[in-house]
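Visitor: give me coordinates for this.
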Amino acid sequence: MLDSFLRKLVIAAVAAVAVAAVDAEATVARADSVDSIGPAAGLSKSVKLGLNKSLVIDLPRDARDVLVSNPKIADAVIRTPRRIYLTG
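Guide: Purely as a prediction, here's the structure:
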């Protein structure tokens, strides 16, 4: 149960950093659907990422930093300054 909480916390932190870097709309594209992360009251959005699953985040502007606090739980790869891959 603690691993599940830490996994969600790391993924939320990665998403928050990516969204905070752009403070505008970002589009989250998955193989089966597309979710939109728009400007809201806060600059973060939680995403659920299953074990051995991945998520592509397309940003409208360049990201500066992406932080993963525990690489055993999740990983973030910056393919371009505007595209980030999250893997769980």
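
Visitor: sketch out the low-pLDDT regions of the chain for me.
Guide: Along the chain, the model assigns pLDDT under 70 to residues 1-46.

Visitor: try it again at 50.
Guide: For the chain, the stretches flagged by pLDDT under 50 are 21-42.

Visitor: residues in contact with the nearest residue to Leu51 once chain neighbours are set aside?
Guide: Nearest non-adjacent residue to Leu51, counting by Cβ to Cβ, 6 or more residues apart in numbering: Gly88, 5.8 Å away. For every residue, glycine as well, the C-beta is placed using N, CA and C. Contacts for Gly88 (Cβ atoms under 8 Å, 6 or more residues apart in numbering) come out as 7, 11, 49-54, 73-74.

Visitor: gap between Gly88 and Arg64?
Guide: Applying Cβ to Cβ, to the nearest Å, the value for Gly88 to Arg64 is 23 Å.

Visitor: burial measure for the nearest residue to Arg83 once chain neighbours are set aside, as a count.
Guide: Distance criterion Cβ to Cβ, 6+ apart; nearest residue to Arg83, sequence neighbours excluded, is Asp58 at 5.6 Å. Burial of Asp58 is recorded as 14 neighbouring residues (other Cβ atoms under 10 Å).

Visitor: got it, and the one 3 residues further on?
Guide: Under the neighbour criterion other Cβ under 10 Å, Arg61 is assigned a count of 13.
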